[in-house]
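In: no sequence for this one, just the structure:
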């Protein structure tokens, strides 16, 4: 692809270089070679741009590099432009349409056009599979499940009964959608009695769900992942939870039952949310934080229990000085005891 064409298709402006140079690949600064385009978004890596072997580079609007030999594409967000370039050079691959002879499909299931169903897929009664759906080998789909057009489900995924999945959804390997929620009531003998989980799980359009993630259905009602949410690997979402539009949930995060996550919320890795809580729109919880109370919209929170990030930074700085403060206190106590002893004589 010519550089000028690449600029147009990635919302960038050619600032310097031959517009007709051929770009064949997108690559990082260190591995890029002649014919590649790379990017610089973090100023920390500016020195590497001087030595990169790439033919062209995406730069943010105010970024400068010490390398006159490389063509420059200027973008508002160089990382976004580079992502678009990657998508151009690596379009999603899908198998040819068809149903593998080892797939077990109930007669009542409705299958759309141009679908791929791989080896040992199991599709139960009354399922509806949309057009252009791709279901990789060893996927199990329980009864009364609906899967929208252009959705891709990777191998090993289990989708439980009554689940509704929208269009253009991506579910990665070994995820479990619509499993029973973790709900028990203690009986008269103080034994745990399982609460029937009779609700459903709804995954809206353009959601991505990472490998090994589990999303429980509701005990009654529904668990719902709203449009555009992105969920990393190894995330647990409990029963009756909702996750808002374009939320981002990173690996090893856990949401207890009836948690409600707002739109565009970011939960970094290993965040814990207690049950029946609300995290407001646009809030961010940093890695390893946890909360047992609601989080207001737009807040940046850290720590266990989570509190305002600025206060947390000050607290952690003070925490590192506690050892020295303890030693100083002990020395002060010794001096006070010595002074009291002298004054008593």
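Out: Thanks, I have the structure now. For clarity, every value in this text was computed on a predicted model and none was experimentally measured.
In: contacts only, for residue 137.
Out: 100, 118-121, 155 (C-beta atoms under 8 Å, 6 or more residues apart in numbering). Yep, even glycine has a C-beta here, placed from its N, CA and C like the rest.
In: count of neighbours near the spatially closest residue to residue 35 that is not a sequence neighbour?
Out: Nearest residue to residue 35, sequence neighbours excluded (C-beta to C-beta, 6 or more residues apart in numbering): residue 24, at 4.5 Å. Residue neighbour count, defined by other C-beta atoms under 10 Å, stands at 13 for residue 24.
In: what about residue 24, distance to residue 84?
Out: 16 Å (C-beta to C-beta, to the nearest Å).
In: average pLDDT for stretch 338-345?
Out: Across stretch 338-345, pLDDT averages out at 76.
In: please disregard the earlier target; I meant stretch 101-112.
Out: 98.
In: neighbours of residue 138, how many?
Out: 17.
In: picking up where we left off before, the residue nearest to residue 35 and residue 33 touch, don't they?
Out: No. Residue 24 is beyond contact range of residue 33, at 9.6 Å (criterion: C-beta atoms under 8 Å).
In: helix or strand: which one has residue 311?
Out: helix 309-319 (DSSP states H and E).
In: now the angle from the following helix or strand past that helix to helix 309-319?
Out: Next helix or strand after helix 309-319 toward the C-terminus (DSSP H and E): helix 322-344. Put simply, helix 322-344 runs at 50 degrees to helix 309-319, going by axes from the mean of the first three to the mean of the last three C-alpha atoms, to 10 degrees.
In: what about helix 322-344, distance to the chain center?
Out: 52 Å (C-alpha atoms, centre = their mean, to the nearest Å).
In: kindly report the same for stretch 152-161.
Out: For stretch 152-161, the distance to the chain centre is 18 Å (C-alpha atoms, centre = their mean).
In: ok, the residue lying closest to residue 172 once chain neighbours are set aside to residue 170 distance?
Out: Nearest residue to residue 172 in three dimensions, chain neighbours excluded: residue 211, at 4.3 Å (C-beta to C-beta, 6+ apart). As defined by C-beta to C-beta, residue 211 lies at a distance of 11 Å from residue 170.
In: quickly list what's touching both of those two.
Out: Common contacts of residue 211 and residue 170, defined by C-beta under 8 Å, 6+ apart, comprise residue 154.
In: before we move on, the earlier item: buried subset of the contacts of residue 137, written for PyMOL?
Out: Restricted to buried positions by 16 or more other C-beta atoms under 10 Å, the PyMOL selection for those reads:
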select buried, resi 118+121+155
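In: closest to residue 70 out of the contacts of residue 137?
Out: Each of the contacts of residue 137 was checked against residue 70 using C-beta to C-beta; the closest is residue 155, at 41.0 Å.
In: nearest residue to the closest one other than its sequence neighbours?
Out: Nearest to residue 155 is residue 136, by C-beta to C-beta, 6+ apart, at 4.3 Å.
In: contact partners for the one you found?
Out: For residue 136, the contacting residues are 118, 121, 152-155, by C-beta under 8 Å, 6+ apart.
In: residues near the residue nearest to residue 4 when sequence neighbours are not counted, how many?
Out: What sits nearest to residue 4 in space, not counting adjacent residues and going by C-beta to C-beta, 6+ apart, is residue 19, at 3.7 Å. Residue 19 has 12 neighbouring residues, counting by other C-beta under 10 Å.
In: surely residue 19 touches residue 2?
Out: Yes. Counting by C-beta under 8 Å, residue 19 touches residue 2, with 6.6 Å between them.
In: pretty sure residue 94 is touching residue 152, no?
Out: Yes. Counting by C-beta under 8 Å, residue 152 is a contact partner of residue 94 at 7.2 Å.
In: how about low-confidence regions in the stretch 201-345 of the chain?
Out: 319, 345 (pLDDT under 70).
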